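*Asks:* next comes the sequence, and after it the predicted model I'd like to discuss.
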Amino acid sequence: MNTPYRSTISLRQWGLVFIVALLMMMIAGCLGATNNDTSNKRTETSYQTTQVQRGDIASETSGSGVLSARKMVDLKFPVSGTLDKLNVRIGDQVKQGQMLASLAEIDQLQLEVDMQQLAAAEAEEALNELLEGQEEILAQALADRATAVAAYEEAKSNLHKRGDARCDPQLTEEYYYEYLYANNEFEDLEYALETGYSAAEDQYVRQRMNEVGDVRHDAYANWKYCEGYSEVEILESTAAMELAEADMKIAQADYEQALANQGVDAEAIDLAQAQLNEAQLLLAQAQHNLAGATLSAPMDATVIDITASVGEAVGADPVIRLADMNDTYLEVNVDETDLAIVQPGCSALVSFDAFPERTFTGTVSALAPVLGVANNISSVIAFVSLDQTQLNPRTNLPLNLHGTVDITCQSAQDALVLPASAIHQDTDDSEYVYVLTGNDQVIYRSIETGVSDAVWVEVVSGLELGETVILDQISSGQ
């Protein structure tokens, strides 16, 4: 709900303002002159007016709520038993991990854990015995498969096809030209021998022909060797790869079969594994029950409730309730008409009936996404977090303490203000007023506004202190 405007003008000043305004309206009524200018017009009738003033203004609302803790937890035993130890009382401060209570059945639960640990160990040993032979079989099958795969990859890399060169192209070309040069020289020597030489020359030519012939023969052999593979080599490499591929497939099938059979009776393996799984499950449950025989604090907190005493039977119901008293808030109900005012981040002043001399500060931390409804009345639910720095151990603010909250979202001090009824809105959503000048002329004036409390509005620009503004809307005929 909006709070009234708080003006810095005294009641005596308000009286003087009212008298001056009344005299001005009487004078305006006596003056009948009109001005034909379309933008400025003399008043033909009297208007209700006000003056631009200075004052403090705030966008405020208020509500009430109860104090709550943001973090609360109920502690209960997951197993039934008899409460044996209770180490805290209501109001005690506890630390995270602190042991708060325990059951009398701890020894029995520990014995159950020991028994289940032994059963799980026996089940695991039985399974391992069945799997011992399996590891050797699988290891050998895996090694055979790896060997077969390596052999296949090697055979595939050695596969020869027609057109495949054996040597580097540059080397092949060198052998070719070596053969070509030797062959040309050999043919030249043959021709020279046929044309006839002396006996000494004939002997030299024949010796040179033998040398060049050997070079030609070796170069030709090297050229053809590098140029490609023989048909026999191609067939042999293809056969070797096909054989290696067949061996690899056999090794893969053997490995898959060994993996599927596990090297032993598959049903025996399944049964042993199931027995181990069950034993481990029972062990985990026993350990959970043993851990649940004690209640420990999950956080630093205050004990706010205890529902059982030592010696009583406890079950699924909570035994201890903890709350973090260092993180408190109020769930405040605010009139739904103030929804546009209240936003997260707004400041709040909180007062409690139990502390009439103190006021606590806070901040709106969030708004509920759904309106609260009580007695057919809707309200905005605002969560107001208290400033914990103002609290100390001697400040006892119990949960569910009722408080009244004043929320301020925007404010301005010593600002120019006008009544909201004096401000009008144009078709483009801009705001304007009608200013009444000293010679009774009415002037249209655009203004910019700021903080509003629905009764008063801050004027940011467009008006000056003391200017007279008409409260009525001016029609085109006036």
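*Replies:* Nice, I can see it.

*Asks:* packing partners for the strand or helix carrying residue 237?
*Replies:* Assigned by DSSP states H and E, residue 237 falls within helix 231-261. Helix 231-261 sits against helix 106-157, with contacts defined as 3 or more C-beta pairs under 8 Å, 6 or more residues apart in numbering; DSSP states H and E. Heads up, the C-betas are built off the backbone N, CA and C, glycines and all.

*Asks:* got the buried residues for the following helix or strand past the helix it packs on?
*Replies:* Using DSSP H and E, the helix or strand that follows helix 106-157 in sequence is helix 169-195. Neighbour-count burial for helix 169-195, counted by 16 or more other C-beta atoms under 10 Å, picks out 172, 174, 175, 176, 178, 179, 182, 183, 185, 186, 189.

*Asks:* quick one: buried residues of the helix holding residue 237?
*Replies:* By neighbour count, and taking 16+ other C-beta under 10 Å as the criterion, the buried residues in helix 231-261 are 234, 237, 240, 241, 244, 247, 248, 251, 254, 255, 258.

*Asks:* dump these into JSON lines; add distance to residue 404 and pLDDT as well.
*Replies:* Output for the buried residues of helix 231-261, formatted as JSON lines (distance: C-beta to C-beta, whole Å; pLDDT from 0 to 100):
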{"residue": "234", "distance to residue 404": "101", "pLDDT": "86"}
{"residue": "237", "distance to residue 404": "98", "pLDDT": "88"}
{"residue": "240", "distance to residue 404": "97", "pLDDT": "91"}
{"residue": "241", "distance to residue 404": "93", "pLDDT": "90"}
{"residue": "244", "distance to residue 404": "91", "pLDDT": "91"}
{"residue": "247", "distance to residue 404": "91", "pLDDT": "92"}
{"residue": "248", "distance to residue 404": "86", "pLDDT": "92"}
{"residue": "251", "distance to residue 404": "85", "pLDDT": "90"}
{"residue": "254", "distance to residue 404": "85", "pLDDT": "84"}
{"residue": "255", "distance to residue 404": "80", "pLDDT": "85"}
{"residue": "258", "distance to residue 404": "80", "pLDDT": "78"}
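
*Asks:* make a markdown table out of those residues and add distance to residue 447.
*Replies:* Output for these, formatted as a markdown table (distance: C-beta to C-beta, whole Å):
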| residue | distance to residue 447 |
| --- | --- |
| 234 | 99 |
| 237 | 97 |
| 240 | 98 |
| 241 | 94 |
| 244 | 94 |
| 247 | 96 |
| 248 | 91 |
| 251 | 92 |
| 254 | 94 |
| 255 | 89 |
| 258 | 91 |
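
*Asks:* quick one: which of those residues is nearest to residue 454?
*Replies:* Distance to residue 454 across those (C-beta to C-beta) is lowest for residue 255, with 83.7 Å.

*Asks:* distance check, the closest one against residue 267.
*Replies:* Counting by C-beta to C-beta, to the nearest Å, the gap from residue 255 to residue 267 is 22 Å.

*Asks:* could you do residue 253 as well?
*Replies:* The value you get for residue 253 to residue 267, if C-beta to C-beta is used, is 23 Å.

*Asks:* contacts only, for the residue most central in space within the chain.
*Replies:* Of all residues in the chain, the one closest to the mean position by C-alpha atoms, centre = their mean is residue 366, 19.6 Å from it. Under the criterion of C-beta atoms under 8 Å, 6 or more residues apart in numbering, the neighbours of residue 366 are 344, 382, 383.

*Asks:* can you do 10 Å?
*Replies:* Taking C-beta atoms under 10 Å, 6 or more residues apart in numbering, we find residue 366 in contact with 329, 344, 381, 382, 383, 384, 385.

*Asks:* pull the number of nearby residues for the residue nearest to residue 100 when sequence neighbours are not counted.
*Replies:* Across the structure, with C-beta to C-beta, 6 or more residues apart in numbering as the measure, the residue nearest residue 100 apart from its sequence neighbours is residue 295 (4.7 Å). By the criterion of other C-beta atoms under 10 Å, residue 295 has 25 neighbours.

*Asks:* what of residue 288?
*Replies:* Neighbours of residue 288 under the rule other C-beta under 10 Å: 13.

*Asks:* quick one, grab the pLDDT at it.
*Replies:* Among the per-residue scores, residue 288 holds a pLDDT of 88.

*Asks:* again, but for residue 62
*Replies:* Looking at residue 62, its pLDDT stands at 86.

*Asks:* that one against residue 384, yeah?
*Replies:* No - applying C-beta atoms under 10 Å, one finds residue 62 not in contact with residue 384, separated by 11.3 Å.

*Asks:* and the protein, what are its domains?
*Replies:* 1-70+327-478, 72-105+293-322 (automatic domain parsing).

*Asks:* coming back round to it: tell me the two of the buried residues of helix 231-261 that are most distant?
*Replies:* Once C-beta to C-beta is applied, those give 234 and 258 as the farthest pair, at 36.8 Å.

*Asks:* so, low pLDDT: which residues of this structure?
*Replies:* Judged by pLDDT under 70, the chain has its weakly predicted residues at 1-45, 133-134, 196-199, 262-266, 392-395, 474-478.
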